[in-house]
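Novice: Mind looking at a prediction? Sequence and model below.
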Amino acid sequence: MKKLLPWLITMLLAITLIVVAVFLVFGNSDKETTAAGEKKAEVKQEKKLSAKEIVAVSSDMTDIKTNLSDATFIVQIDFSFQLDSAKTKAEFDEIKDITIKPIVLMTLADTTPQSLSTVKGKTQLNTKLKNLINKSLPEGEVVNVNITNFMLATI
């Protein structure tokens, strides 16, 4: 029994440490998940805009025609950008042709025709554009990017 006692103590200590570690890891992730869920719910409640308010903070970019990464395909696409405020929209409209349009063209040039054939690919394009444009805006941010017109054709 004297030889078995240190092994039993070591085993019980190891099991206790594992259980404590599991509670620490999963206990924190549940709190973070709950906090993130509450924050998302608050954002959704705050961002309810009327149709007039959406129009006041939205800007359109139309008639973009360019080749995709596969040079045999051409895309004609229109976008609608929803911004966080009217002031941001005014600044966005000022730099739209000199800053935003080149970002859109370069992003489309890196896009494959196959990715634009799916809803998931178009959603990824919208998210990528949103992130790239937000980095280049002097103030405010793009809240949402939508494709309003889309045509993909071969040359």
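Specialist: In hand now; what should we look at? Numbers count the residues shown, from 1 in each chain.

Novice: By mean pLDDT, point me to the weakest helix or strand of the chain.
Specialist: Each helix and strand of the chain was given a mean pLDDT (mean pLDDT, DSSP states H and E); the minimum falls on helix 5-46 at a mean of 70.

Novice: Let's verify I77: helix, strand, or coil?
Specialist: Three-state assignment for I77 (DSSP: H, G, I helix; E, B strand; the rest coil): strand.

Novice: Give me the buried positions along stretch 93-104.
Specialist: Neighbour-count burial for stretch 93-104, counted by 16 or more other CB atoms under 10 Å, picks out K96, I100, V104. The way it works is simple: take the backbone N, C-alpha and C, and place the C-beta from them, glycine included.

Novice: Export those residues as CSV, with columns for pLDDT and distance to L83.
Specialist: Listed next are the buried residues of stretch 93-104 as CSV, based on pLDDT from 0 to 100; distance: CB to CB, whole Å:
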residue, pLDDT, distance to L83
K96, 94, 11
I100, 95, 11
V104, 96, 15
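
Novice: Name the nearest of those relative to V19.
Specialist: Among the buried residues of stretch 93-104, V104 lies closest to V19 (CB to CB), at 53.2 Å.
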